[in-house]
Structure formats: structure tokens, C-alpha cells
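K.L.:
Sequence first, then the predicted structure:
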Amino acid sequence: MSKLPVIEIFGPTIQGEGAVIGVKTMFVRTYGCDYRCSWCDSAFTWDGSAKDKMRLLEPEQVVAELLELGGDNFSSVTISGGNPALIGEGVGQLIELLHQREIGVAIETQGSRWQDWFLQVDALTISPKPPSSGMATNWEMLDSILHKLKSSESAAHNLKVVVFDEQDYAYAKAVHQRYPGVELFLQPGNTDVTEEGDISTRLLGRLEWLFQQVIADPEMNQVRVLPQLHALIWHNKRGK
Ligand SMILES: C[S@@+](CC[C@H](N)C(=O)[O-])C[C@H]1O[C@@H](n2cnc3c(N)ncnc32)[C@H](O)[C@@H]1O
Ligand SMILES: Nc1nc2[nH]cc(C(=O)O)c2c(=O)[nH]1
Ligand code: SF4
Ligand SMILES: [Mg+2]
């Protein structure tokens, strides 16, 4: 088996975002990202600040830790990062081991890289990054990823765009127009990921703003707008 770089394993918690919001799930967060989003809420996966906590684990070890931590109190695992799509076999083997135990797998990735194991995932979220992130979308790569997913019968996938401002909203619209058949989730951005204490009022204000954009826009009749539910409940706490 092939090792994978892991920065944290936590749960059970409640999936707070997108297509599988509300589902009880464990999390495996891989280390390393090819992006550097200005507002990344998981920058410790790539900025070096938690480098000493990164562990190279065999997929079997990851499963053992998930079972130790969660017992039989979960049937879903979300693999996020960082960018889990930077990792080939290690994540592919982990997915296989989880499926052998009838545990469903969700993935969070930004659509900058393809992995063949995308086709095995039960809920694959592709989250291209809007202008406020400072990252540039590789549209050819995104086209090719969505084309491969569309051609496969098994791969349940969706798009999720984080929106901080008008420019980001225009970007989300461009994504929707480019991939009209793919379910699109919009999520308001958290502008301060280090603020301590209760941030729910601020987050709900941004959610209402995003609701208003979509309500007024006949070109966005098919999208879904959701908060980061875990951030409303647990704020900027890590491992939730
Ligand atoms: C930390 S990322 C890890 C997975 C992958 N690198 C990605 O970006 O899709 C998980 C999700 O959190 C979202 N996210 C990160 N920082 C955020 C913020 N400040 N506000 C709202 N969503 C954020 C990302 O857009 C992504 O959808
Ligand atoms: N509860 C909870 N839901 C989430 N959905 C996506 C997350 C992520 O960081 O990828 C996340 C997370 O970190 N926690
Ligand atoms: S792609 Fe995801 S993990 Fe990477 S910097 Fe952006 S939000 Fe953070
Ligand atoms: Mg998160």
C-alpha cells in the first residue's frame, strides 16, 4: 500500500457544506495544497505552521484510527485537505478499504488535478476558486475533469463556489453557464477565519446578502445557497 500525508483525523461531526450537508461523517485532512487561497480556512495544511504534525500513514493505519476514534458511530468519511487530489494511490486505496467496510466516501477538491479514484467517490465536490482567492482557474483542466465525470455513470459529483463579493458572484455564474447540467452550490465566504468567539451573526449577514443576489437573478434559478453550517455552530474552531 502507499502512504498518504495526513494532518488531522477527526469526528464524528456533521458535514457542514454542500451536497451532503447534515450527514454524520468522519474527516481525514491531507497535507499539502497546490493553491494558496488568500482566505483559506485550512491554511495550516500548506503554510508550514503545522508541518510537525503531518504524518505519513498507510491507508490501513488511517482506517484503524478512524475506527478507534469513531467506533461504529459513522458510515461516511470525508477526505479534504489541502488538496487530496495531489495524492494518487494512497487515497485510492483508502477509498477502497472504506468501501469494503460499506463506509461511504466524500471528497473536497478544487478541480486543479485529476485522479482516477475520482470515479470511485460517492460524493465528489469540485470547488473552483473565485477571483477573491487570488488563484487563477485552469479552465482546460476543469473542463476535462467535468467531462470525464460526466462520461462515467458512477461518479456522483457537484460544484461548489465560495462567494465573497460581486466579482466572485459573476465567476459563480460563469461556472454555472459553463457546466449547466452539474448541481452548483453557493457558499458565502468567511472573511475572518481567525476571529475568536461567536461569528454566526457575521456569517448570517453574508448568507442573506448571497440569498439576495440569487433571488434577484433569473439566470440562477437552479443553484442552491447554503451556509457553512459547522461554522454557524462551532465558529472558527478547528477539528469540527
Ligand atoms: C479547505 S478546502 C479543502 C479542499 C480543497 N482544497 C478545496 O478548496 O476545495 C474545503 C472547502 O472550504 C472552502 N473554504 C475555504 N476557506 C473558506 C472561507 N474562508 N470561507 C468559506 N469557505 C471556505 C473551500 O472553498 C472548499 O470548498
Ligand atoms: N463540519 C465540517 N464540514 C466541512 N465540510 C467541508 C469541510 C472542509 O474543510 O473541507 C468541513 C469541515 O472542516 N468541517
Ligand atoms: S484550494 Fe482549498 S486548501 Fe488549498 S488554499 Fe484554497 S481553500 Fe485552502
Ligand atoms: Mg473546513
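P.N.:
Arrived safely. Ligands and ions are numbered 1, 2, ... in the order given.

K.L.:
And ligand 2, is the lengthiest helix in the chain touching that?
P.N.:
For the chain, the helix that runs over the most residues, judged by DSSP state H, is helix 200-215. No: Helix 200-215 does not reach ligand 2 (C-beta under 6 Å from any ligand atom); its nearest approach is 13.7 Å. C-beta coordinates here come from the backbone N, C-alpha and C atoms, glycine included.

K.L.:
before we move on, what about stretch 120-127?
P.N.:
No: counting by C-beta under 6 Å from any ligand atom, ligand 2 is not contacted by stretch 120-127; separation bottoms out at 7.9 Å.

K.L.:
for ligand 3, what are the nearby residues on this structure?
P.N.:
Within the chain, the positions near ligand 3 by C-beta under 6 Å from any ligand atom are C33, Y35, R36, C37, C40, S42, T45, G81, G82, N83, Q110, K129.

K.L.:
now for these, which pair is the farthest apart?
P.N.:
For the residues of the chain next to ligand 3, the farthest-apart pair by C-beta to C-beta is T45 and K129; their separation is 15.0 Å.

K.L.:
Ligand 1 contacts on the protein?
P.N.:
33, 39-42, 80-81, 83, 108-110, 127, 160, 162, 187, 189-190, 193, 228.

K.L.:
Buried subset of those, written for ChimeraX?
P.N.:
Those of the residues of the chain next to ligand 1 that count as buried under 16 or more other C-beta atoms under 10 Å are selected in ChimeraX with:
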select :33,39,40,41,42,80,81,83,108,109,110,127,160,162,187,189,190,228
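
K.L.:
So which of the residues of the chain next to ligand 1 are in strands?
P.N.:
Judged by DSSP state E, those include S80, E108, T109, K160, V162, Q187 as members of strands.
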